[in-house]
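J.: need a 3D model of the sequence below.
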Amino acid sequence: MRKIHEVNNHIDDRQYRLDNFNPGDSWRLFRIMSEFVDGFDTLAGLRRPAVSIFGSARTPPENKYYKLADRIAGKLAEAGYAIITGGGQGIMAAANKGAAVADGVSVGLNINLPFEQEPNPFANIPMDFKYFFVRKVMFIKYAMAFICMPGGFGTLDELFEALTLIQTRRIKGFPIILVGSSYWSGLVGWMKEQLLPAGNVEEDDFLIFRQMEDPDEIVDYIRRMVVL
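T.: This next block holds a predicted model:
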């Protein structure tokens, strides 16, 4: 706990947007509404199915998953799909780059953070958000498929958000693809070994997502599931 307190003491409290939301701050609701309106108006204009690609902002260009995200996004863009990412560096930059180089629609939904997140230059439709929950709605509402590359808490957050919404039938099911079997196999194995025997998930819940590696296989699967 001491380490957490030490870190917090060096960070401007204004970054904690929800913690800093006090009674009487109803004016912030207008900012939240404006982000929803801007997002809906902009992304509704895509007029083509979109695929959201997630992954770590810390992945360097020489990493094999950076190169793989670039290839997958490029092939999807060539097939006529728009690409949506979180707009930052790493895997997000790779996916935006792949789509842009293929002359496709490359959307970057950047989140304003006091550290780490800087918008990448490859999104030809860049947007900025202050609130994570508004941004997450945009990922879900306008994507017809999710591709999860290796990533951290943010990637897991988006993955489990989609799994939960599909499992509880709050949204229609769509393809969720985990890329990188060596990366995801431990998590999937843990869910099967712990969640399933405890009765916290059902066997059919594991049909919501698939693990794939090959870019052509991924694009073919999405094309079968998401008709242009």
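J.: from the chain's centre, how far out does the helix or strand where V107 lies sit?
T.: Element membership of V107 [criterion: DSSP states H and E] is strand 106-111. Here strand 106-111 is found 10 Å from its chain centre; the criterion is C-alpha atoms, centre = their mean, to the nearest Å.
J.: show me what it is packed against.
T.: Here strand 106-111 touches strand 82-85, helix 91-101, strand 125-129, helix 132-141, going by 3 or more C-beta pairs under 8 Å, 6 or more residues apart in numbering; DSSP states H and E. Backbone N, C-alpha and C define where each C-beta goes, glycine included.
J.: can you list the buried residues in the second one?
T.: Think helix 91-101. 91-100 (16 or more other C-beta atoms under 10 Å).
J.: same check, this time on the third one
T.: With burial defined by 16+ other C-beta under 10 Å, the residues of strand 125-129 counted as buried are 125-127, 129.
J.: just those residues now: which is nearest F54?
T.: Nearest to F54 out of the buried residues of strand 125-129 is F129 (C-beta to C-beta; 15.2 Å).
J.: what's the per-residue pLDDT of the closest one here?
T.: F129 carries a pLDDT value of 95.
J.: list the residues that contact it.
T.: Applying C-beta atoms under 8 Å, 6 or more residues apart in numbering to F129 gives the contacts 35, 39, 109-112, 135, 138.
J.: and the helices in this structure?
T.: Remark: helices assigned in the chain by DSSP state H are 2-9, 27-43, 64-78, 91-101, 132-141, 153-167, 181-190, 215-225.
J.: okay, those helices, which one's buried deepest?
T.: helix 91-101 (a mean of 28; mean count of other C-beta atoms under 10 Å).
J.: can you list the neighbours in contact with that helix?
T.: Against helix 91-101 from outside (C-beta under 8 Å, 6+ apart): 53-57, 59, 61, 65-67, 69-77, 82-83, 85-87, 105-108, 120, 122-124, 149-151.
J.: what's the average pLDDT for it?
T.: 98.
J.: between helix 64-78 and that helix, find me the angle.
T.: 40 degrees (axes from the mean of the first three to the mean of the last three C-alpha atoms, to 10 degrees).
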